[in-house]
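**Student:** okay, structure incoming, though there's no sequence with it:
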């Protein structure tokens, strides 16, 4: 959360696995977080505790300035980030699947 709010794109990428680093280079990371996340929803004010779907998949509720998002983080066998998904909640109250 701190790296996203601080626009620290290298910090965001530091825990990515090789495939994520290749798929999400710094410029793409900057564009995604500055325009698609912060630009549309505002800064993240609070990240609720994780709800684990499995040992490698956790969902966090990201409470942003203008909306609420479900943020899913997927880890590989080495504990590095292998995937991320941000899904807006329509009215801020929809449950996590």
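**Tutor:** Perfect, I can see it now. What you see is a predicted model, and the numbers here were worked out from it, not measured in a lab. Numbering: from 1, shown residues only.

**Student:** how many residues are close by residue 69?
**Tutor:** Applying other C-beta atoms under 10 Å, we find 21 residues neighbouring residue 69. Any C-beta I mention is one placed from the backbone N, CA and C, and that applies to glycine too.

**Student:** is it true that it touches residue 85?
**Tutor:** No - using C-beta atoms under 8 Å, residue 69 is not in contact with residue 85; the gap is 9.6 Å.

**Student:** contacts only, for residue 58.
**Tutor:** Taking C-beta atoms under 8 Å, 6 or more residues apart in numbering as the criterion, residue 58 is in contact with 50-52, 72-73.

**Student:** cool, residue 71 as well?
**Tutor:** Residue 71 sits in contact with 47, 59-62, 84-86, where contact means C-beta under 8 Å, 6+ apart.

**Student:** could you rerun that using 10 Å?
**Tutor:** Residue 71 sits next to 1, 4, 37, 44, 47-48, 50, 58-62, 84-87 when contact means C-beta atoms under 10 Å, 6 or more residues apart in numbering.

**Student:** residues touching the worst-scoring helix or strand of the chain on mean pLDDT, excluding its own?
**Tutor:** Taking mean pLDDT, DSSP states H and E as the measure, the helix or strand of the chain with the lowest value is helix 2-5, at a mean of 86. The contact list for helix 2-5 (C-beta under 10 Å, 6+ apart) reads 8-15, 29, 33-34, 37-38, 42-45, 47, 62, 64, 71.

**Student:** now, those that are in strands?
**Tutor:** 44-45, 47, 62, 64, 71 (DSSP state E).

**Student:** and those residues, which two are furthest apart?
**Tutor:** The largest distance within these, taken as C-beta to C-beta, falls between 45 and 71 and amounts to 13.1 Å.
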